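1. below are the sequence and a predicted model for it; my questions follow.
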Amino acid sequence: MNSMVYTLYGFAIFFMIFWSVMWIVHALALIAGHWKLHRKVSQVPTYETPLPGVSIIKPLMGVDPNLFSNLETFFTMQYPRYELLFCVEDDSDPVLMLVRKLMEKYPEVDARLFVGGCNVGVNPKINNMQPAYEAAKHEYVLISDSGIKMKEDTLLDMVNYMTDNVALVHQMPFTCDREGFAAAYEKIFFGTVQSRMYLAADLLRINCHTGMSALLRKAPLDEVGGLKTFGVYLAEDFFYAKSLTDRGWRITVSSQPALQNSGHCELHSFQARLRRWAKLRVAMLPTTIVLEPLSECLVLGACASWAASVLFEWDSLVFYLAVLDPLIQWRSRVYKLRWGGVAEEVKAKSVKPVSDYLRGYSFFFILDEMSTV
């Protein structure tokens, strides 16, 4: 009997500690986001300190309604010296016509097209980019997915973060405003679940890199054989970032998020993308198969509520509801729930419960929680 009690208390302590850690992660993400995101670009090129050149590698496959406008933003960036290296694996791909049209429209931009790729491993993205990587002539290389949309000063912002001890600057994944159910779901995911872990990990200097938009120093990558070295991995972005950090280099997030703007946005394709990422994370870090589902708010809230009832004899339902929304409206007044069920009146009558602000968001939030579990 005693062993059962000790086991229950052990689980309760674990859940309460895990719940507290997740609150710390939330706080760190808020601090990092307030400190870093959307900061104004400060560096201006001068004769004494010219900006370094950047080779931008764009792996492409197929077309979508937004692709032309997305690629055009790379031709109109306010940066003094860069080249565009477009990579297409299939010589019959319709994207070739689109790229050539843009190259004709902006002849002043240094742009080249590479067709056919080079088989250096199992990763098709690396195979597609390899010829362009070998031909890159600048000291910095920006790997940018086809669906990314750039602002005029985005590249300058990323270069600003490439200090002497940094070898990789990446953008936090986010999305542009698009119509449709799937687009709203995708934006909520990247603006909540993904950004929370991404910003906190960056603050703690943990490798959280995703390869959709990454600026790299070419020399440190060449020291280990270049991009082709990582062609044996499907998660090449994680492993070339790991290779850099293992050798003492730092990686960091830039001020501007990566604006994903694909013209095709469907629920099943996005969930397939999340499943693929989850499988890769489990393969690289097996502990995520247990910890990741527990990090979801609804699951962790239920576990922490049970733990609070065991450890502190608090009402688990009140604890759970207080975490979800501590504000209650009753008889034209607003009350704030405290742990254990004690209520405190909020004097400002104009204050609305959190649920009023999140009503349009709640469905997508619950869908994301259930999908993860």
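-> Structure received.
2. next one: the residue nearest to residue 294 when sequence neighbours are not counted, what pLDDT does it get?
-> Ranked by CB to CB, 6 or more residues apart in numbering and with sequence neighbours excluded, the top spatial neighbour of residue 294 is residue 300, at 5.6 Å. (Glycine included, C-beta is placed from N, CA and C.) pLDDT recorded at residue 300 is 78.
3. helices or strands up against the one helix or strand residue 300 maps to?
-> According to DSSP states H and E, residue 300 maps onto helix 297-312. Under the contact definition 3 or more CB pairs under 8 Å, 6 or more residues apart in numbering; DSSP states H and E, helix 297-312 sits against helix 2-36, helix 288-294, helix 316-324, helix 354-372.
4. now do the first one: which elements does it pack against?
-> Contacts of helix 2-36 with other secondary structure elements, assessed using 3+ CB pairs under 8 Å, 6+ apart, are made with helix 195-203, helix 297-312.
5. need the winner for burial among those.
-> A comparison of the helices and strands packed on helix 2-36 by mean neighbour count, using mean count of other CB atoms under 10 Å, puts helix 195-203 on top with a mean of 20.
6. ok and that helix relative to helix 2-36, angle-wise?
-> Using axes from the mean of the first three to the mean of the last three CA atoms, to 10 degrees, the direction of helix 195-203 lies 80 degrees away from that of helix 2-36.
7. relative to residue 153, how far out is the residue nearest to residue 294?
-> In this view, residue 300 and residue 153 are 39 Å apart by CB to CB, to the nearest Å.
8. can you redo the helices and strands packed on helix 2-36 as CSV with distance to residue 26?
-> Formatted as CSV, the helices and strands packed on helix 2-36 follow (distance: least, CB to CB, whole Å):
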stretch, distance to residue 26
helix 195-203, 6
helix 297-312, 10
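9. which one of these has the lowest average pLDDT?
-> helix 297-312 (a mean of 79).
10. got the angle for that helix vs helix 2-36?
-> Inter-element angle recorded for helix 297-312 and helix 2-36: 130 degrees (by the same axes, to 10 degrees).
11. can I get helix 297-312 as CSV, trimmed to CA atoms?
-> The C-alpha trace of helix 297-312 is given here as CSV (Å, rounded to 0.1, in the frame of the first residue of the first chain):
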residue,chain,number,x,y,z
CYS,A,297,-1.8,22.7,-22.5
LEU,A,298,-5.0,20.5,-22.1
VAL,A,299,-3.1,17.4,-21.3
LEU,A,300,-0.6,19.0,-19.0
GLY,A,301,-3.4,21.0,-17.3
ALA,A,302,-5.3,17.9,-16.5
CYS,A,303,-2.1,16.2,-15.1
ALA,A,304,-1.2,19.3,-13.0
SER,A,305,-4.8,19.5,-11.7
TRP,A,306,-4.6,15.9,-10.5
ALA,A,307,-1.2,16.6,-9.0
ALA,A,308,-2.5,19.7,-7.2
SER,A,309,-5.3,17.6,-5.7
VAL,A,310,-2.8,15.0,-4.5
LEU,A,311,-0.1,17.3,-3.1
PHE,A,312,-2.1,20.2,-1.8
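12. could we number from 40 for the rest of this?
-> Right, with 40 as the first residue, what we last looked at is helix 336-351.
13. and that helix, how far from the chain's centre?
-> 28 Å (CA atoms, centre = their mean, to the nearest Å).
14. quick one: contacts for the nearest residue in space to residue 330 that is not next to it in sequence?
-> Closest residue to residue 330 apart from its sequence neighbours, by CB to CB, 6+ apart: residue 57 at 8.0 Å. Neighbouring residues of residue 57 by CB atoms under 8 Å, 6 or more residues apart in numbering: 330, 333, 339, 342-343.
15. what's the answer for residue 50, then?
-> residue 346.
16. pLDDT weak spots in this structure?
-> Counting by pLDDT under 70, the chain contains low-confidence ranges at 40, 80-87, 326-329, 354-412.
17. if we go to 50?
-> Applying pLDDT under 50 to the chain picks out residues 379-380, 388-389, 392-394, 396.
18. specify the beta-bridge partners of the residue most central in space within it.
-> In the chain, the C-alpha nearest the mean C-alpha coordinate belongs to residue 212, at 3.4 Å (CA atoms, centre = their mean). Beta bridges link residue 212 to residue 297, judged by DSSP bridges.
19. next, work out how far apart residue 301 and residue 109 are.
-> In terms of CB to CB, residue 301 sits 8 Å off from residue 109.
20. next, show the common contact partners of those two.
-> residue 186.
21. how is this structure partitioned into domains?
-> Using the TED database, the domains assigned to the chain come out as 76-324, 364-411.
22. which one of the ones you listed is the most hemmed in?
-> Ranked by mean neighbours (mean count of other CB under 10 Å), those are led by domain 76-324, with a mean of 17.
23. picking that back up, select, out of the helices and strands packed on helix 41-75, the one closest to residue 275.
-> helix 234-242 (18.3 Å; CB to CB).
24. counting contacts, what elements does the closest one pack onto?
-> Against helix 234-242 (3+ CB pairs under 8 Å, 6+ apart) you get helix 41-75, strand 212-214, strand 289-292.
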